[in-house]
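Q: Show me how the following folds:
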Amino acid sequence: MSEIDRWLSQYGDSHREISHPALYWLAVLMLVPATAGLLWSLPLPEAFVQISPVLNWGSMFLMVALVYYFIISFSLAIGMLPFIFAVTALGFWLTRSGLSVAGASIGLMIAAVAGLYVGRRGSGGVRAVRRDIQLMVIGPIWLLSKLYRRLGIRV
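A: All right, here's what the predicted structure looks like:
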């Protein structure tokens, strides 16, 4: 079994009993930008600032996630590019808008965790939500893999 098949199988097995699927999957997708935004707002070493205005902890998190996606599945990584670019664009927009990136990210994180909890009501509670947060990078590709399968695209 390949690594991607193992991850998708493990993730799918723990997500068979979702009580509110639309709310739950929206919350899964909100976890990545919330986490990237929180990381984005952390102070940077001067060396990062000198290298590139694009380089920060949030953009590095997204780059590492994308590299991992390419390692485990080329087709899913290609499919995740628009999502990663959208999260990056959101980070830049928040930075330039004068709004608090940390504040927006904390609000998004609270909404995401609440959505995970309500979406999983009756199937695992807080322990399941904690596991979802640990697997936040796998959740979006699991969703994409389901879409790929419906469209007949090989994962």
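Q: Enumerate the positions of the longest helix anywhere in the chain that are buried.
A: Using DSSP state H, we find that the single longest helix of the chain is helix 74-97. Buried residues in helix 74-97, defined by neighbour count with 16 or more other CB atoms under 10 Å: Leu76, Ala77, Gly79, Met80, Phe83, Ile84, Val87, Thr88, Leu90, Gly91, Leu94, Thr95. To be clear about C-beta, it is placed using only N, CA and C from the backbone, and glycine gets the same treatment.
Q: And for stretch 7-21?
A: Trp7, Leu8, Tyr11, His15, Ile18.
Q: Phi, psi for the last one please.
A: Pointing back at Ile18 there. phi -90, psi 120 (degrees, to the nearest 10).
Q: that older thread, alpha carbons only: can I get the longest helix of the chain in PDB?
A: Below are the C-alpha coordinates for helix 74-97, written out as PDB (Å, rounded to 0.1, in the frame of the first residue of the first chain):
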ATOM      1  CA  PHE A  74       1.500  14.200  -7.800                       C
ATOM      2  CA  SER A  75      -2.100  14.400  -9.000                       C
ATOM      3  CA  LEU A  76      -3.400  15.500  -5.600                       C
ATOM      4  CA  ALA A  77      -0.600  18.100  -5.300                       C
ATOM      5  CA  ILE A  78      -1.500  19.600  -8.600                       C
ATOM      6  CA  GLY A  79      -5.200  19.700  -7.500                       C
ATOM      7  CA  MET A  80      -4.200  21.400  -4.200                       C
ATOM      8  CA  LEU A  81      -2.300  24.200  -5.900                       C
ATOM      9  CA  PRO A  82      -5.300  26.500  -6.300                       C
ATOM     10  CA  PHE A  83      -6.200  26.000  -2.600                       C
ATOM     11  CA  ILE A  84      -2.600  26.800  -1.500                       C
ATOM     12  CA  PHE A  85      -2.400  29.800  -3.700                       C
ATOM     13  CA  ALA A  86      -5.800  31.100  -2.400                       C
ATOM     14  CA  VAL A  87      -4.600  30.700   1.200                       C
ATOM     15  CA  THR A  88      -1.400  32.500   0.400                       C
ATOM     16  CA  ALA A  89      -3.300  35.300  -1.400                       C
ATOM     17  CA  LEU A  90      -5.600  35.600   1.700                       C
ATOM     18  CA  GLY A  91      -2.500  36.000   3.900                       C
ATOM     19  CA  PHE A  92      -1.100  38.800   1.700                       C
ATOM     20  CA  TRP A  93      -4.400  40.500   1.400                       C
ATOM     21  CA  LEU A  94      -4.800  40.500   5.200                       C
ATOM     22  CA  THR A  95      -1.300  41.800   5.700                       C
ATOM     23  CA  ARG A  96      -1.800  44.700   3.200                       C
ATOM     24  CA  SER A  97      -5.300  45.500   4.400                       C
END
